[in-house]
Structure formats: structure tokens, C-alpha cells
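Student: model the following, please.
(one chain, ligands or ions: 1)
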Amino acid sequence: MILEDGTTFEGKSFGYEKSVAGEVVFYTAMTGYPESLTDPSYTGQILVSTFPLIGNYGVPSDSKEENLYEFYESNKIHITGLIVSDYSFEYSHWNAIKSLGDWLKEQKVPGLFGIDTRALTKIIRVKGSLLGKIEFDDEVIDFYDPNQENLVAIASTDKVEVYGNGEHRIVLVDCGVKYNIIRCLIKRNATVIVVPWDYDFNNEDFDGIFLSNGPGDPALCDATVENIRKTMDAEKPIMGICLGNQLLARAAGAETYKLKFGHRSHNQPVLLQGTDRCFITSQNHGFAVDTKTLPADWEPLFTNVNDQTNEGIRHKTKPFFSTQFHPEAASGPVDTEFLFDDFMNNVIEYKKNKK
Ligand SMILES: NC(=O)CC[C@H](N)C(=O)O
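Tutor: This is a model prediction of the structure:
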């Protein structure tokens, strides 16, 4: 494992053996590697787990419900590579069907263990996210910066697909959506119309818009931002998550910027604006909304208690809001899932007033 600052770590392989390059980021969650590895927001990233013991519960079953994998967040592994301290060759779980190493090999994703992930994380915390590569023997490759590329175009779907058959029609703009967002909407009586990131959904028949999470720099998603801007005039309810928060902010006219090393964990505290209520949230992002640049008709909705960065925005009078954290969790705490109820209530309210 070689970082762009020249630091080298030697590890042992437990995944697929090919050299890969990307952005090196760390996450501090203690569980949830099946969900994290299949989260499309990690496209282009080499993931370092600060929790030392990984692989001990294997990989869950590939069963499907509503045409979605029940235990994965998308249809494949999206990370570029995985770095752990201690890999468990032995695993045990009622739902496990294979080892993490076998899964990585199957999907051609490298994994290294025996790396001092504490030392590696300290370097990233001091210097900020770094480019890095995993090299095997003689296969020397160049560094690669995924943030220069429109990763959303890679992670998004290329066709319109419908899930569920509830009463409320929700267009979900798929910038690299996690399945649990679809599950959370279906559970709340929605028909979810999943559309590609650059699809102009304004002519569809729908009652609300959902903006998904997704990989990379939100500044590279202008096509989505344009479509969001157009839809705002109709005043149909909008909710966004993570990249969706950043794109809604950009559509409102605010700016986004890159954080030093981002937030990737299960224990990020966020404060609900105007209250003393703090929620512990699941997060995975490297960019943030610059609260200072929000136009006058918008306000922050949540703020991170650790570093005061923006954790959500809302329109002062219209039913538009979004969060930087993940109310759908998968994995992590589910304490903020009620935000999906708030969104669906906005949808019901909108339909009532329309009649
Ligand atoms: N999970 C996400 O949607 C991540 C959003 C964006 N790619 C970021 O890193 O900030």
C-alpha cells in the first residue's frame, strides 16, 4: 500500500490480486462491512477500517425482496480496495454464506490485512485524504484521483425502474442509491420510480422527488442540479440524502467544498436547528455544504456537533429538505428514520392541497 506522500505499508493479501489506485479514506464503524462495501458512494475509494477485527461474521446471503438484495446496499462491491488490520479467516453468523475474502476475490477487489491501520489513519487525519495504491509484486501503476471524474455517471442506473406499488409516486434520482432508501420509501406506501442521474423527470407523473446519495464531487453533477432547479417551481416535496443534500444546496445556489478527511462512521452527532436535540447518525461523505453560502430563503436543518459542518438544509417556506447524514442507516443507528415520515407527510399534505 503506497500513499502519494511516499509512505509505504506492507500487508498480506486476502482478496483479489491486482494493483489498484484511488483515494484512501478511513471509516470508524465497528460493524456493517457488507453494507459499506456495496455502498456506491465509495466508488473510487480505497477503504481503511479503523476497527481492527474484520471478516468475523462473513458475508450475508444474496436473497432478494421486492427485487432488491435484502442484505446488500447495491448489486456489487463498489470500493476499489479494502485495508484492515486483522482479517478473520474464520467466520460465524446465522446468515453467512461465504467469507469476506472469497467475496472480494469473486468481485475482483483487492484486500490487505496486517497493516497498521492506526498509523495509516493518523497520517490521513493530519494530511487529509490522500491518493494511494495497492500494488502487487511487479504490477506498478500510477496514482489516480477519482474526484476529477464524474463518478455519479458510473454509479447511477442507465434505465428507469419501478419498485413497490404504493399510493404515492416518488421519483428517486439515482446518483448511486443505497437500496435501503428504496426500502424505507416502499415501507411508507410509495411507488418508487428510480431514474438515471441526468434524466429530466419533470414530465413524469409524480408526487415527490427523492435525491439519493452518491460518489464523488457534487460540483460535477450539473445535469442533476439543473433538473432539481426546474422542479422547484412546481413546489412538489423534495428530500435528499448526502450527495442529495449537496445537490439540493447547489440547486438553491449554495456552494460545496471538500472536507479535510470527511466523516465515515456510525457515531456522528448532529444537532437539530433551533433545538437541544442531538441525534447520533451514520455518515459517509468527503464534501460538505458551505452553510454561509445558503440563500436567504434557506436555512441549516442540522449541524455537526464535532466540527460545526452542515448536516442538512431546508427551505423556509416550501417542503424541501435534505440531510448530509444517512437516515436510512444501513449500516448504523436508525434514530433519524423518522425523516422519511416527515417527507411522506409533506407528500400527503401536497396532494391534499392540490385537490
Ligand atoms: N454518501 C454520499 O452520498 C457521499 C456524497 C459525496 N460523494 C461526498 O463524499 O461528500
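Student: for Ser195, list each beta-bridge partner.
Tutor: One thing to correct before we go on: residue 195 is Val, not Ser. Beta bridges link Val195 to Val173 when assigned by DSSP bridges.
Student: can you show me the strands along the stretch 1-150 of the chain?
Tutor: 2-3, 12-13, 20-27, 45-49, 53-54, 59-60, 64-65, 68-69, 81-83, 86-87, 96-98, 111-113, 130-134 (DSSP state E, counting those that start in this stretch).
Student: for Val160, which of the ones you listed is the nearest?
Tutor: Shortest distance between Val160 and these, using Cβ to Cβ, is found for strand 68-69: 15.9 Å. C-beta coordinates here come from the backbone N, C-alpha and C atoms, glycine included.
Student: re earlier: any chance of a markdown table for the strands of the stretch 1-150 of the chain, columns mean neighbour count, distance to the ligand and mean pLDDT?
Tutor: Shown next, in a markdown table, are those (neighbours: other Cβ atoms under 10 Å; distance: least, Cβ to the nearest ligand atom, whole Å; pLDDT from 0 to 100):
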| stretch | mean neighbour count | distance to the ligand | mean pLDDT |
| --- | --- | --- | --- |
| strand 2-3 | 19 | 19 | 98 |
| strand 12-13 | 14 | 27 | 98 |
| strand 20-27 | 23 | 9 | 98 |
| strand 45-49 | 27 | 9 | 98 |
| strand 53-54 | 18 | 20 | 97 |
| strand 59-60 | 22 | 21 | 98 |
| strand 64-65 | 11 | 23 | 96 |
| strand 68-69 | 18 | 18 | 96 |
| strand 81-83 | 26 | 17 | 98 |
| strand 86-87 | 20 | 25 | 98 |
| strand 96-98 | 15 | 26 | 98 |
| strand 111-113 | 25 | 21 | 98 |
| strand 130-134 | 23 | 15 | 98 |
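Student: Throw those strands into CSV and include distance to Gly214, thanks.
Tutor: Formatted as CSV, these follow (distance: least, Cβ to Cβ, whole Å):
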stretch, distance to Gly214
strand 2-3, 26
strand 12-13, 30
strand 20-27, 15
strand 45-49, 13
strand 53-54, 25
strand 59-60, 23
strand 64-65, 23
strand 68-69, 17
strand 81-83, 20
strand 86-87, 29
strand 96-98, 28
strand 111-113, 24
strand 130-134, 20
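Student: out of these, flag the one nearest Leu294.
Tutor: That would be strand 20-27 among these, by Cβ to Cβ, at 26.5 Å.
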